[in-house]
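Colleague: Provided below are the primary sequence and the corresponding predicted coordinates.
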Amino acid sequence: MIINDIKIDYYKEKLSCSLKNSKASYKEKEYFIIQIHSDDYIGLGEASPLNFFSKETINDVKWAFESLKEAISFNSSFDIDEIINMFAVFCKDVPSLNFALDTAVYDILSQRKNIPLAKLFSSNCANQIKFSSILNQHKSINTIKMKIGLDVVSEIETLKSISNNNDLSLRLDANQFFDSETLNMFLKQINNANIQYIEEPFKSPTIEMYENLKSTHNIKVAIDESIYCNDDYKDWVRNDLIDYAVIKPSIYGSFASFFELVSFFNKYNVDIVLSSSLESSIGNMATIHLASILNNSLSHGLNIFSFFDNHRISPLYDKNSEFVKIIECKGLGLSL
């Protein structure tokens, strides 16, 4: 593969509404769109670090990109593995840039083959990906994610009010808000709600806390931020205490890092749900292709109309879509 040029463009977008969890709030999102030019093809990727989750800042991405660009011998021929390894070295501390660069390379390779990006990695990928939603946003979508730990009393009342709706499957995301005693009280109050799982329930989680939770309540558990900030999560998984892994792929960097995570969770029969890092349509579409590779029947938190009203590049679905199809994509499926 010949790299003729590599470009980076900065954007800042206002979110359609302020998004809050128990640890942070978001009103806008900064990100970079990466272009890799190779002969007649342009590959796209997005570097979109997420405050509180990502270890790098938006400035770290820019500086790492400039260092990488100085090191590339343009118009020279590279082996694909050589390119991917070079990206991993220069992006060791900026995983969102690594994710963007990998996306752009695989976008080019799949365009050349005239296939969806997902099919570079699996001939058995899903042709469409189902979306989850947030409460009261999409009446036709039954898998609902709800942030908890912001106003516990109000949240209990909301959950009680919908507890008899057997059509709903609720994903409760605490973002590590509760101690064991408060969580126990909370779950007793909402005992009849249709909960698919509770995500990251504990502040300072330990294996003992999860053992007590699973022995006391008939509830499934998901982890998200623990995967990148707490190495103990592997022990929780090995001890059959975790049912779901919620993965934001760009947090972990390279596609290879993502597949390594997937392999670990598959080994222990942990279901995988992919989630957004508030990316725009390019980063979002890359994650949709990764969801396609998983080819599971779960709904994924990937409809970016939940937080963006306007799009520099339109997604391949609309605000009310229950799913997105990738079968007709050439490469990533988007272009500038």
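Modeller: Looks like it arrived, so ask away. Numbers count the residues shown, from 1 in each chain.

Colleague: wait, Ile304 touches Ser277, no?
Modeller: No - checked against Cβ atoms under 8 Å, the pair Ile304 and Ser277 is beyond contact range at 10.5 Å. Any C-beta I mention is one placed from the backbone N, CA and C, and that applies to glycine too.

Colleague: just the helices from the stretch 51-200 of the chain, written as ranges.
Modeller: Taking DSSP state H, counting those that start in this stretch to define them, one finds helices in the stretch 51-200 of the chain at 58-71, 80-90, 95-113, 152-161, 180-189.

Colleague: between these, which gets nearest to Phe255?
Modeller: Comparing the helices of the stretch 51-200 of the chain by their distance to Phe255 (Cβ to Cβ), the top pick is helix 95-113, with 4.7 Å.

Colleague: angle of the closest one against helix 80-90?
Modeller: Helix 95-113 runs at 160 degrees relative to helix 80-90, counting by axes from the mean of the first three to the mean of the last three Cα atoms, to 10 degrees.

Colleague: where does pLDDT dip in the stretch 51-200 of the chain?
Modeller: Low-confidence segments of the stretch 51-200 of the chain (pLDDT under 70): 192.

Colleague: mind telling me what element Leu316 is part of?
Modeller: For Leu316, there is no helix or strand it lies in under DSSP states H and E.

Colleague: for Asp107, see how far away it is.
Modeller: Leu316 sits 14 Å away from Asp107, going by Cβ to Cβ, to the nearest Å.

Colleague: so these two - more neighbours on which side?
Modeller: Set side by side, Leu316 and Asp107 give different neighbour counts by other Cβ atoms under 10 Å, the larger being at Asp107 (30 against 18).

Colleague: that one contacts Leu332, doesn't it?
Modeller: Yes - applying Cβ under 8 Å as the test, Asp107 and Leu332 come out as touching, 4.3 Å apart.

Colleague: spit out the residues that contact those two alike.
Modeller: 43-44, 117 (Cβ atoms under 8 Å, 6 or more residues apart in numbering).

Colleague: buried ones among these?
Modeller: The neighbour-count test (16 or more other Cβ atoms under 10 Å) applied to the shared contacts of Asp107 and Leu332 identifies 43-44, 117 as buried.

Colleague: which residue is the nearest non-sequential neighbour of Asp107?
Modeller: Using Cβ to Cβ, 6 or more residues apart in numbering and skipping the chain neighbours, the partner closest in space to Asp107 is Gly43 (3.8 Å).

Colleague: am I right that the one you found sits in a helix?
Modeller: No - counting by DSSP: H, G, I helix; E, B strand; the rest coil, Gly43 is not found in a helix; it is strand.

Colleague: beta-bridge partners for it, please?
Modeller: Per DSSP bridges, residues listed as beta-bridge partners of Gly43: Ile36.

Colleague: tell me who's in contact with it.
Modeller: By Cβ under 8 Å, 6+ apart, the contact set of Gly43 is 35-36, 103-108, 111, 331-332.

Colleague: quick check: it vs Tyr210, distance?
Modeller: Looking at Gly43 against Tyr210, where the rule is Cβ to Cβ, the gap reads 41 Å.

Colleague: again, but for Ile72
Modeller: Ile72 sits 45 Å away from Tyr210, taking Cβ to Cβ as the criterion.
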